[in-house]
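[1] For reference, the sequence and a predicted model appear below.
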Amino acid sequence: MSSSILRSRLGAAARCSRRPAVTRICTRGYPAAAVPQEERPLETPDDWTQFQLDRAEFKTLVDHFSNYGSTQTRDNTWQPHHSLHRPVAPTQLTLSTLLAAGAHLGHSKSLMNPNFIPYAYGVRAGVTVIDLDHTLPLLRRAAKLVRSVAANDGTIVFVGTRPDLRSAVRKAASRMEEQGFHVADRWLPGTLTNKVQMFGAQAVLKQRVVPDLVVFLNPLQNMPAIRECAMEHVPTIGIVDSNVDPRIVMYPIPANDESTRTAELIAGVLSVAGREGVALRKEEDLKRQRRAERMAARQRDYERVAVE
Amino acid sequence: MFNVLRQQARAPLRRAYATQGYVPPAAANNIGQSMIPRFKPRPVSPTFYTGLPSYFENVNTLESAITTSRNILQNLQLLPLPKFARDALPESTPVWKGKDELGFQVETKLTTARYRRLVGLLTQLEEFRKIADTAGCVEVAESIGDVTVLFQRENRDAVLAGGKKKPVQFDKYGRTYTIGRRKESSARVWMIPVQGKSQKPAAAAASSVPSVQAPLPPAAEVNESQNEATSPDLTPFLSPKPLAKTEEPTEVTATNIIINNVPLIKYFPHSLDRERIMRPFRLAGLVGAYNVFAIARGGGTTGQSGAVALGVAKGIVAHAPEVQPLLKKAKLLRRDPRAVERKKTGRRKARKAVRIFFFSSCSASLMLTFY
């Protein structure tokens, strides 16, 4: 069954209106433990409505007095969900952003890969510190690559196979609309090297099955996938940590691969660049289409004149 | 729009398949018209490269549904729910489709892990629907219900109703019809409460039309008081308190127990069989309360008396549900599974073994068996 039926019903759920008795007061995030609750039994829907109204009333009060409290509020401070839902553009990326996300924390000194040394700043307390002066330009280079591939109508796959990376790759792929894909669970071996069996002969002949770029948020756990990309000549971008050889991917981004915030930041940066590329491609397509229409109109005029 | 767009606008005119940006080195030199994959369509689903596109699309859509519902319920102050409110929620009874049926729906062969993941998401969504429904947010509950109903079995009501024992039906005269079995015998038992002299008889139902719910017993010699349809007053039988001076003494009624058109005493001359049938009445304290009409077929005396006893016990529970724990404790509601054990090959009877004789002077091959 296609999920189009599901999606249409989801839309209805999002648009649905509520009972007129309860006014819409958006006060999310307030801890429930602080809200005083009378422990009365809730039997009828009217009891429930009263329960909802009591809570709404208390929260309105709290919000009103919050205006007289600290200037640092939920809206103007960084919240954990911002790294996923408020991505940073490549031009706005700074060393402070990377540092705040913990991108500079590598693995222990004993696990350092000798090929990673150019990207390491040093070692402190037994932990490798990654040089963010290298990370930032490499990340911007990767972003430019993503933008170019997208602008040339290329398909980009975001691979993040840990549970905490699932939402990051989904979001990144959705930002790129029809040119973005994601693998959030497991890269099945043979996806690229055994594509006829995987997708069927018709799909391989008729569709563009091999992607134009693959972004790995945890390359160490996806070595088979990286190998397949190399065999199929697919360029790869990956977040390499200090225990990884940076040469496994074509465009390494030396950063902390264990931090969810870092992965979300990097996926966000790349997907914003990808979104720009998709917009460029659409603009190009539109221009080409208009040019073709003008040419066709001109041709028709010439033919009409020739007939006359 | 974006800074990049302004920069690109200043760039020179680009060709249709421009190589600005990136070209795979291996393909740069000998790229031909037919080799450019540009004009083939892209895969449609964003989960194409997972290998199970339809499954993961469904999972993603359900996760989005859960996030949306959670946001809506938070706005409506219904989440997070404190303990006393959560206890006030009714039991949810969703009947999700089986692994095969759900696999057919999501166009994927489902393993147990994948099935459980889907069902876990559906259970969470159903929980939100229940909260919205209980709180009276009809539109929200209906919207979520539209999504969950796609994954529920069509015969949901039948599945929920099945597995429970059907309640014993009372016909229009107040008779119960129960069946008891023991060994090779089966008994069909009709029971009706006895009307005492103190109770006013209701208008006798003259029609003899058989009711749809319970089969009528064939015409037999029964008390005239059997025709009344009022429920009996059991307090004289069940009340433990002693009689006050002003109270009337307990009225003891006489019952008829008829099996295969023959009274109990005649049909079961052996007292053990009669006791077996009377035992449920004695334990319940309802010895004179019901008239019993039974048809027993198959087996012998013990089997038939056991079958009638089981039918009688079920009938008593139907008329007086409060004695059910009592009879259950006494194991009178249990269909006795003991039956004659079959004969096996190599043995004389079920257990009786064949006798083997050995001659001590000769070898083992001279072992003789007698059949």
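    Cool, got the structure.
[2] Identify the residue spatially nearest to the residue of the stretch 151-300 of chain B found nearest chain A, adjacent ones excluded.
    Relative to chain A, the nearest point of the stretch 151-300 of chain B is B:Phe151 (9.6 Å; CB to the nearest CB). C-beta here means a position set from N, CA and C on the backbone, and glycine is covered the same way. Closest residue in space to B:Phe151, ignoring its immediate chain neighbours: B:Leu122 at 5.4 Å, by CB to CB, 6 or more residues apart in numbering or on different chains.
[3] wait, is the one you found part of a strand?
    No. B:Leu122 sits outside any strand when classified using DSSP: H, G, I helix; E, B strand; the rest coil, being helix.
[4] how many neighbours does it have?
    Around B:Leu122 there are 22 other residues, counting by other CB atoms under 10 Å in any protein chain shown.
[5] Over to the one 5 residues further on?
    By the criterion of other CB under 10 Å, B:Glu127 has 18 neighbours.
[6] Check B:Ile316 too.
    Applying other CB under 10 Å, we find 27 residues neighbouring B:Ile316.
[7] packing partners for the helix or strand hosting it?
    Assessed by DSSP states H and E, B:Ile316 sits inside helix B:301-319. Secondary structure elements in contact with helix B:301-319, counted by 3 or more CB pairs under 8 Å, 6 or more residues apart in numbering or on different chains; DSSP states H and E, are strand B:176-182, strand B:185-193, helix B:271-284, strand B:290-297, helix B:324-329.
[8] Show me what counts as buried in the longest one.
    Of all the residues in helix B:271-284, those buried under the rule 16 or more other CB atoms under 10 Å in any protein chain shown are B:Asp273, B:Arg274, B:Arg276, B:Ile277, B:Met278, B:Arg279, B:Pro280, B:Phe281, B:Leu283, B:Ala284.
[9] I'd assumed B:Lys266 was in contact with the second one.
    By that I understand B:Arg274. No. Here B:Arg274 lies out of contact with B:Lys266, judged by CB atoms under 8 Å, at a distance of 10.5 Å.
[10] What's the local residue count around the residue of the stretch 201-350 of chain B found nearest chain A?
    Proximity of the stretch 201-350 of chain B to chain A (CB to the nearest CB) peaks at B:Pro321, 26.7 Å away. The tally of other residues near B:Pro321 (other CB under 10 Å) stands at 10.
[11] Low-confidence ranges, the stretch 1-150 of chain A, go.
    For the stretch 1-150 of chain A, the stretches with pLDDT under 70 are A:1-38.
[12] Can you show me the helices along it?
    In the stretch 1-150 of chain A, the helices defined using DSSP state H, counting those that start in this stretch lie at A:4-15, A:45-66, A:82-85, A:95-100, A:132-151.
[13] any idea which of those is most buried?
    Per residue and on average, the most neighbours among the helices of the stretch 1-150 of chain A fall to helix A:132-151, with a mean of 21 (mean count of other CB atoms under 10 Å in any protein chain shown).
[14] and that one, how far from the chain's centre?
    Using CA atoms, centre = their mean, to the nearest Å, the mean C-alpha position of helix A:132-151 is found 15 Å from that of the whole chain.
[15] For that helix, enumerate the helices and strands it packs against.
    helix A:95-100, strand A:156-159, strand A:213-216, strand A:236-240, strand A:251-254, helix A:260-307.
[16] Between those, which one is closest to A:Ala201.
    Of all the helices and strands packed on helix A:132-151, it is strand A:156-159 that lies closest to A:Ala201, at 21.5 Å by CB to CB.
[17] right, and the helix or strand after the closest one?
    helix A:166-175.
[18] Show me the contact partners of the helix or strand just after that next one.
    Helices and strands here follow DSSP H and E; after helix A:166-175, the next one along the chain is strand A:180-183. The contact list for strand A:180-183, computed with CB atoms under 8 Å, 6 or more residues apart in numbering or on different chains, reads A:155-161, A:169-170, A:172-174, A:211, A:225, A:271, A:274, B:43, B:46-50.
[19] Show the average pLDDT along strand A:180-183.
    Per-region confidence: strand A:180-183 scores 98 on mean pLDDT.
[20] Any buried residues in whatever helix or strand comes next after it, and which?
    Scanning forward in sequence from strand A:180-183 by DSSP H and E, the next helix or strand is helix A:195-199. The neighbour-count criterion (16+ other CB under 10 Å) identifies A:Lys195, A:Met198, A:Phe199 as the buried residues of helix A:195-199.
[21] Among those residues, which one sits closest to chain B?
    Here the nearest of those to chain B, counting by CB to the nearest CB, is A:Met198; it sits at 6.1 Å.
[22] The closest one and B:Gly51 touch, don't they?
    Yes. Distance between A:Met198 and B:Gly51: 6.1 Å, which falls inside the contact criterion (CB under 8 Å).
[23] got the phi/psi numbers for the spatially most central residue of chain B?
    Closest to where the C-alpha atoms of chain B average out (CA atoms, centre = their mean) is B:Gly163, at 2.1 Å. When quoted as degrees, to the nearest 10, the phi and psi of B:Gly163 stand at phi 90, psi -20.
[24] mind listing what it touches?
    Applying CB under 8 Å, 6+ apart to B:Gly163 gives no contacts.
[25] repeat for the one 5 residues further on
    By CB under 8 Å, 6+ apart, the contact list for B:Val168 reads B:Thr176, B:Tyr177, B:Thr178, B:Lys314, B:Gly315, B:Val317, B:Ala318.
[26] Return the residues in contact with the residue of the stretch 151-300 of chain B closest to chain A.
    For B:Phe151, the contacting residues are B:Trp96, B:Lys97, B:Leu102, B:Gln105, B:Leu118, B:Leu122, by CB under 8 Å, 6+ apart.
[27] Relative to B:Gly136, how far out is the residue in the stretch 101-250 of chain A that chain B sits nearest to?
    When you check the stretch 101-250 of chain A against chain B by CB to the nearest CB, the closest residue turns out to be A:Ser148, at 2.5 Å. Separation of A:Ser148 from B:Gly136 (CB to CB, to the nearest Å) stands at 54 Å.
[28] Before I go, just wanted to say thanks for your time.
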